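Trainee: need a structure here:
(2 chains)
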Number of protein chains: 2
Amino acid sequence: MSKVIQTCWILGLTLLLGCQQETPSKLSSVPQKDFISHQVIEWRLATSWPKNLPGLGMAPERFAQLVEQMSNGRLVITVYGAGELMPALSVFDGVSNGTIEMAHSASYYWKGKAPAAQFFSSIPFGLNAQQMNAWLHYGGGMELWEEVYQPFGVLPLAGGNTGMQMGGWFNKIIASPEDFKGLKMRLPGLGGEVLKKLGGVPVDALAGRELYGALQTGAIDAAEWVGPYNDLSLGLHQVAKYYYYPGWHEPGSTMEFLINQQAFSTLPNDLKMIVKVAARAINQDMLDDYTQGHIAAMDVLLNEHNVQVKLFPNTVIRALKYARDDVLNSEAAKDPLFNKVLESYMANEKSVKRYFSYTEDALSRFELDDKNQP
Amino acid sequence: MSKVIQTCWILGLTLLLGCQQETPSKLSSVPQKDFISHQVIEWRLATSWPKNLPGLGMAPERFAQLVEQMSNGRLVITVYGAGELMPALSVFDGVSNGTIEMAHSASYYWKGKAPAAQFFSSIPFGLNAQQMNAWLHYGGGMELWEEVYQPFGVLPLAGGNTGMQMGGWFNKIIASPEDFKGLKMRLPGLGGEVLKKLGGVPVDALAGRELYGALQTGAIDAAEWVGPYNDLSLGLHQVAKYYYYPGWHEPGSTMEFLINQQAFSTLPNDLKMIVKVAARAINQDMLDDYTQGHIAAMDVLLNEHNVQVKLFPNTVIRALKYARDDVLNSEAAKDPLFNKVLESYMANEKSVKRYFSYTEDALSRFELDDKNQP
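Mentor: Below is the predicted model of the structure:
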């Protein structure tokens, strides 16, 4: 007798025997777990982050907790940090070939497989967290993301946001666009391509924990990582002179949950929905965590470590912005799918930035000006 | 034989009979609903909005759908629009006294019961949506909200956000703070108190659908409602000359789910978690819906209706901001709990606005300036 049939018999008999006795009148007190414990599904989720890294690493742990609690233990997802099951940047392949059912990562890592993937993390001078979420969930973004990952058998869900990242740590004053010439900077993705346009040398093969040493030895002149919440713990303020702003390269970095399509399709409908809604809740939860973590860490950097926070001059920001348009257009010319996503993204960017110019941006501009009043 | 025992017998027999045949090897295809359909819990949720109003009214409908799907039909929540079960602003009492299990509303409506409640919707020149969510979920805000509602037996959950609201529709030019003198404006809550400080006459007894007539007849000179997504459908552009910005009175209006504590405590743990996580997902979903809805409606207002969008002069914004500080301080002097929440809110506001001055606000300020470059 197969295990399934065996379990089925035991359940049936248990029910029949149980029915001989008086059943309790509170329906909700019937021990549900007994009915459904034979249906435990176990999944493995690998991340691109060190286990339990604040922010990035905690989001998949919380996701797994929510799923387990909402499913009453029927879907148990074990989370593995980078390197525990596979290298940090092998998780997409792992999900695609079914070695693991899920991963937590960032879409711009897959630009070699699908250049259009980069839009679903963050692009220079692009959408902030609120604007990204609106585009993804009500502006057609998720449908495009699914289209980009479809050939790999991977289903994407938005999986958190770091908020706008800082401009990075520098050991050199940036006073004009010329100062980027020859600058070796840890700056992955499209931001790196923009830097290259201005004569800089982007380095993207460094993991977060290697940045301290690379800045200390002068192997690189500058590095961006995330923002105060993660940067403070790496100690970057000890080996770099200036913390630059505003960040321009990743205005609202979206993370992702990756799900093997075949595994997802075998879930019953309630568990499918539990996975999707848990991801949606974590998508906001990570941003809440980061926002609060950033402001606390920024207070520490400013008050305890006297970090020198420097503003990029407007000429620099402008040069970077024009370079990003060049980069986007040349990528679009090479790849039709990149071009398709670019068109949707840009139509949205134009419209949402106009709206923000009447709302949040207008009020914050007043407040910035007002603070500097005599 | 009671219904429960009957159902139980049928279930047991069905299982035993089913086991005689080859069971499918996929565990997930066992029809779960049969095991648990006898445990249906039915709740009623009343809102303060017209049934299915875009944004505000859709969020509780979507919430109920998520809960029903995730619970596999074990928790069914029926949503009632304003007036269907009780008047729009009776829903807090309804939840408190257990007439209904849940409501969807906005906390500033309860300022008469608990002045501190106003912080959990939005206060003039306060936190935007991202900042509110961070304060609520990682900065101690939710714990304070629970404390404020505890005496009423009501459990609050954040239930969506409209994003920053627009400054309102005016039939009069606002060129200086003097122009508010005698101005009759629909502006509820603390925003109305601020207007009063400048000599204006706040009107808060008007429902959304009454604004058109009130502006048309001159009963009021100005009105703010939400923003383009809802304002366009009310036709306010047909009866008011100018659409003012930036909004200053509600920079990130948070909505709320209210739950009767007693009803919540009787749910099994998995359903408790399903309710909380569904609310968290909807909290973001409404903001996504509003952001995309606002930008589409703003395009229509500008391109098809040639709406005149006007900027409040800095002198006006500054006068409003200083008046808000007066209002907050005088409220705090009257109510210790208001003062307690104010202190938490203000410490957070100061810190998060400094952080934003290095990130989003700095970049958006550059972009606003850059657009006006020759």
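Trainee: my read: residue A:46 touches residue A:103, true?
Mentor: Yes - under the criterion of C-beta atoms under 8 Å, residue A:46 makes contact with residue A:103 at 5.2 Å. Heads up, the C-betas are built off the backbone N, CA and C, glycines and all.
Trainee: common neighbours of the two, please.
Mentor: Residues touching both residue A:46 and residue A:103 by C-beta atoms under 8 Å, 6 or more residues apart in numbering or on different chains: A:91, A:94.
Trainee: what's the burial count for residue A:213?
Mentor: Residue A:213 has 12 neighbours, counted by other C-beta atoms under 10 Å in any protein chain shown.
Trainee: okay, helices next: where are they in chain A?
Mentor: Under the criterion DSSP state H, chain A carries helices at the ranges A:3-20, A:32-36, A:58-70, A:91-96, A:129-138, A:141-149, A:189-197, A:211-217, A:228-234, A:261-265, A:269-303, A:314-334, A:336-358, A:360-371.
Trainee: return the most buried member of the ones you listed.
Mentor: Ranked by mean neighbour count, the helices of chain A are led by helix A:129-138 with a mean of 25 (mean count of other C-beta atoms under 10 Å in any protein chain shown).
Trainee: may I have stretch A:138-149 as PDB, with CA atoms only?
Mentor: What follows is stretch A:138-149 as a C-alpha-only set of coordinates in PDB (Å, rounded to 0.1, in the frame of the first residue of the first chain):
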ATOM      1  CA  TYR A 138      -1.300  48.500 -11.800                       C
ATOM      2  CA  GLY A 139       0.800  49.700 -14.800                       C
ATOM      3  CA  GLY A 140       1.500  46.500 -16.600                       C
ATOM      4  CA  GLY A 141       5.000  46.000 -15.100                       C
ATOM      5  CA  MET A 142       4.300  42.500 -13.600                       C
ATOM      6  CA  GLU A 143       3.000  41.200 -16.900                       C
ATOM      7  CA  LEU A 144       6.200  42.300 -18.600                       C
ATOM      8  CA  TRP A 145       8.300  40.800 -15.900                       C
ATOM      9  CA  GLU A 146       6.500  37.500 -16.300                       C
ATOM     10  CA  GLU A 147       7.100  37.700 -20.000                       C
ATOM     11  CA  VAL A 148      10.800  38.200 -19.500                       C
ATOM     12  CA  TYR A 149      11.200  35.200 -17.200                       C
END
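Trainee: ok, now how distant is the spatially most central residue of chain A from chain B?
Mentor: In chain A, the C-alpha closest to the average C-alpha coordinate belongs to residue A:255, at a distance of 1.6 Å (C-alpha atoms, centre = their mean). Separation of residue A:255 from chain B (C-beta to the nearest C-beta, to the nearest Å) stands at 14 Å.
Trainee: so that residue makes contact with residue A:286?
Mentor: Yes - with contact defined as C-beta under 8 Å, residue A:255 reaches residue A:286; the gap is 6.7 Å.
Trainee: now for these two: what residues contact both?
Mentor: A:56, A:59, A:159-162.
Trainee: count of neighbours near residue A:308?
Mentor: Neighbours of residue A:308 (other C-beta under 10 Å): 14.
Trainee: show me what contacts the closest residue to residue A:281 other than its chain neighbours?
Mentor: Using C-beta to C-beta, 6 or more residues apart in numbering or on different chains and skipping residues adjacent in sequence, the residue nearest residue A:281 is residue B:280, 4.0 Å away. Contacts for residue B:280 were tallied using C-beta under 8 Å, 6+ apart; they are A:280-281, A:284-285, B:157-158.
Trainee: ok, of those residues, which one's closest to residue A:93?
Mentor: Lowest distance from residue A:93 to those (C-beta to C-beta) belongs to residue A:280, with 25.6 Å.
Trainee: could you check how far the closest one is from residue B:280?
Mentor: 8 Å (C-beta to C-beta, to the nearest Å).
Trainee: near chain B, which residues of the stretch 101-250 of chain A are found?
Mentor: Neighbours of chain B within the stretch 101-250 of chain A, by C-beta under 8 Å from any C-beta of the partner chain: A:125, A:128-131, A:133-139, A:163-166, A:227-228, A:245-248.
Trainee: low-confidence ranges in chain A?
Mentor: By pLDDT under 70, the weakly predicted segments of chain A are A:1-38, A:372-374.
Trainee: now do the domain split for it, please.
Mentor: Structurally, chain A divides into domains by automatic domain parsing as follows: A:37-164+A:253-291, A:168-251+A:306-348.
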